[in-house]
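A.B. asks: need coordinates for the below:
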Amino acid sequence: MSSFQETESLTSGCFYFPARDDAAEQLELPAIDDSDTSMLQQARTSVYQHQVEHFTSMTEDLLQKANTATFDSIAEACLRSHETAQQANEISTAVLLTGINIPDHESVFSLLSAQLQATVSPHCVILRSYECRTISSIMKQLVQRLLGLQDDANSMIDTAVSLSRLPNYDFEVLKGWYLHHYPTKESSKPLVVLLQDFEAFDTPALADFIISCSNHRDQIPIYLVLGVASTADAVHSQLPRSAITRLNIQRFKLRNSQRVLTELTRQVLMSSQLQLHMGWKPLRQLLDAFFFHDLSISNFVKGIKYSFFAHCSQVPSAALLDADIRQQWKRVKPLALSSGLKSSAVKTAAAFESILNNAQSAYQCCCAGAVCLNRIAQELPSLGAVQVSQQLTSWLVLVLRKEISETSAYTNLQTCLKLSSMELITTVIQGCVDELNVFLAGNIDELSAAAATIAASKTELEAILAWAKSPMSTQEKAPSDSSDEEGSAPRTAADLLSSNTKQASTGPKTMAGKRRQALRSLTRSVVDPHVERKQKCLDRFLTVLTTLCTPSDDIPGSKTVFCDVEVADAMQGQSRVALHAALGDATSLLAMQVEEPSVPEPSSKKRTGKRRKSDTTRSEPAKKAPKKQAVPEEEMQDTPSTETDLSTLPDLSIAYHLHLEGGKFINLHDWLAAFAGIVRKDSEDDADTAVDLQARFARAVSELQFLGLIKPTKRKQDHVARLTWGYV
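C.D. replies: Below you'll find the model as predicted:
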């Protein structure tokens, strides 16, 4: 079919006709039988489970070792405070600076509690602010959890009284329980109380709890661990002096989450034990969410797991990572062809397995190049105008995205190296050699092809380093003329003397020619041999690094090995979109069956005679009215569909529909009148009905305020301020 189509006019503009789906050229692949579908689904499921198990085990080991030193210090301080004599009414307290990565605090305190239970005392309790609003709720949670620790062992209390039926929850009950289990001081164990989010606790309730613990310090040894997200000064600014004087504070700090992310990238994401690897697109989205939102390692790990899940569920060729499936190559060969590979390259299962191995080797080489680039960025001094990234994960994204020499980060790095001294360049090269040694020892198999490539690059760097440290020869010390052609050998002193003699014998005899020759000799620049040696060393060094880096799109089999899915929408919840959809059309959410309003059919009678004057005048504005511009589909989503009768919706949905029609400030009286007009269909003005409508309206407005859509304002009386604008 011709690409040109008939048009009414070719003078009014340019026309573009996109190709249709049915006319597009598509690769004809042999179909897979329906009987193989379940087999391939099971294969993809097994691949996902296998990869996630490996990833989870390595991540848990890494996170457990990340803060081991801090946890050991807290345990030693707790044992030391329990064994040594303390001052009267003084509580030993550890202030743990956790950082602002709030989502990670749950896992951190769980690991800390487990280690303290194993090394210090089995009586460890974690208290959270949302469970402890008052002093009575704090004591109730403390007593229930401490006494509940003995449920699985012997009876915690001699009487068979349930925990929920205790008459009161105070230190007297706790004292009786503690003396029952530890009658002597020599065999006693401290009670460790961990306050996970210290800043969120109620200040008076927390102060009363600390004073009560101090008053019973002689009978019940309590050790406090305060989780502080900001700084240690928050303890002094939040607690009153009467409570601060009862605490003996020691400060501890967890490891920075950015350093933990670097170790996670180096030890887990760059490991050769994983067959699936993160592509540059989801890795960059997770990295942006990490730095600009929460600095949470747990959310970063969840995003990687979701990427594995989405890849195995959306990419059919992911089933080929299972070795058992590759044995049935004739049946699953269409999956390899669907991943962009040529039929001649995947004739056998061995050929496809070789492609997978080469893809794994190329990824390991990319990781080695990213490690070296990150080491260079750390060694170089910071220049004001030239910004160089010092995050390993960012360099991995740049290496996998496109040619590293085309990125601005590499250009800035090259600029900084050119401005550096020869001593600093040799230090940088030595650092890259050390990084490659560590990479070969920990992240890669010694017998793989990637190990041979990285070892060859390391040998080349060592040769460059030896050449850079060696003394300069006589030929290199001779200054070179910048006007010489590139690639020519350096000229010696004898060559320069003979050339000068030849120019003197054949030189110009006129005065103007002599002046031009003198000017040409003055403008001729001589290159310093040390600068030339540094430039050659730098060129050889950067060439070795760029050969290690290959973009993921240029690697055969990348669609099978690399996860290239969108994770931003899945990991970052859009609460307003969900709220708009739920309140805009609650019929589907509540499974309501609403009858569609009947539309009157147009009359089939034909009009005869002349038109009435009124009909003519009504139709004239419609002809003169300008055409409305097409509204994008995204912008039309702000106004809910009005096909459903509003009177059939809940009160909250009706109030939400009406509030979308308001401006910056909404008049409550007008809002109530519109609400009553929709809810009340009859015209009877009953007093009881009016009171009920006011109560229902007040409840709907309160719920909208709770959802964060409106707020009360003092700028206008009997008005509320609208908080949400724009399109969703």
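
A.B. asks: tell me how far Q117 lies from G431.
C.D. replies: As defined by Cβ to Cβ, to the nearest Å, Q117 lies at a distance of 42 Å from G431. The way it works is simple: take the backbone N, C-alpha and C, and place the C-beta from them, glycine included.

A.B. asks: what residue lies at the spatial centre of the chain?
C.D. replies: Among the residues of the chain, L286 comes closest to the average C-alpha position under Cα atoms, centre = their mean, at 2.7 Å.

A.B. asks: quick check: closest non-adjacent residue to that residue.
C.D. replies: The spatial neighbour of L286 that comes closest, neighbours along the chain excluded (Cβ to Cβ, 6 or more residues apart in numbering), is G303 at 4.3 Å.

A.B. asks: for that neighbour, give me its contacts.
C.D. replies: G303 makes contact with 282, 285-286, 289, 567, 571, according to Cβ atoms under 8 Å, 6 or more residues apart in numbering.

A.B. asks: in which helix or strand would I find the residue nearest to the centre of the chain?
C.D. replies: Element membership for L286 (DSSP states H and E) is helix 280-289.

A.B. asks: same thing with R80?
C.D. replies: Applying DSSP H and E, one finds R80 within helix 68-83.

A.B. asks: in the helix or strand that contains the residue nearest to L286, what's buried?
C.D. replies: G303 belongs to helix 297-314 when elements are defined using DSSP H and E. Neighbour-count burial for helix 297-314 flags 297-304, 306-312 (criterion: 16 or more other Cβ atoms under 10 Å).

A.B. asks: before we move on, what about stretch 171-190?
C.D. replies: If you call a residue buried by 16+ other Cβ under 10 Å, then stretch 171-190 has these buried ones: 171, 173-174, 177-178, 188, 190.

A.B. asks: got it, and stretch 705-720?
C.D. replies: Of the residues in stretch 705-720, those scored as buried under the neighbour-count criterion (16+ other Cβ under 10 Å) are 707, 709-710, 719-720.

A.B. asks: now those as a markdown table including pLDDT?
C.D. replies: Converted to a markdown table, the buried residues of stretch 705-720 look like this (pLDDT from 0 to 100):
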| residue | pLDDT |
| --- | --- |
| L707 | 88 |
| L709 | 89 |
| I710 | 91 |
| H719 | 91 |
| V720 | 92 |
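
A.B. asks: farthest-apart pair in those, please.
C.D. replies: Taking every pair in the buried residues of stretch 705-720 and measuring Cβ to Cβ, the maximum separation is 18.5 Å, between L707 and H719.

A.B. asks: what is the burial count for the nearest residue to L380 once chain neighbours are set aside?
C.D. replies: For L380, ignoring the flanking residues on the chain, the nearest one in space by Cβ to Cβ, 6+ apart is C416 at 4.7 Å. A total of 21 residues lie near C416 under the criterion other Cβ atoms under 10 Å.

A.B. asks: kindly report the same for E263.
C.D. replies: By other Cβ under 10 Å, the residues close to E263 number 16.

A.B. asks: does it lie in a helix or a strand, and which?
C.D. replies: helix 257-264.

A.B. asks: roughly how far out does the next helix or strand after that helix sit from the chain middle?
C.D. replies: Scanning forward in sequence from helix 257-264 by DSSP H and E, the next helix or strand is strand 277-278. Computed by Cα atoms, centre = their mean, to the nearest Å, the chain-centroid distance of strand 277-278 equals 14 Å.

A.B. asks: which strands border strand 277-278, and is each parallel or antiparallel?
C.D. replies: Taking DSSP bridges as the criterion, strand 277-278 forms sheet pairs with strand 562-563 (parallel).

A.B. asks: now what about the partner strand, what contacts it?
C.D. replies: Contacts made with strand 562-563 from outside it, assessed by Cβ under 8 Å, 6+ apart, are listed as 276-279, 282, 307-308, 310-311, 363, 400, 552, 555.

A.B. asks: next SSE downstream of that strand?
C.D. replies: Downstream of strand 562-563, the next assigned helix or strand under DSSP H and E is helix 568-571.
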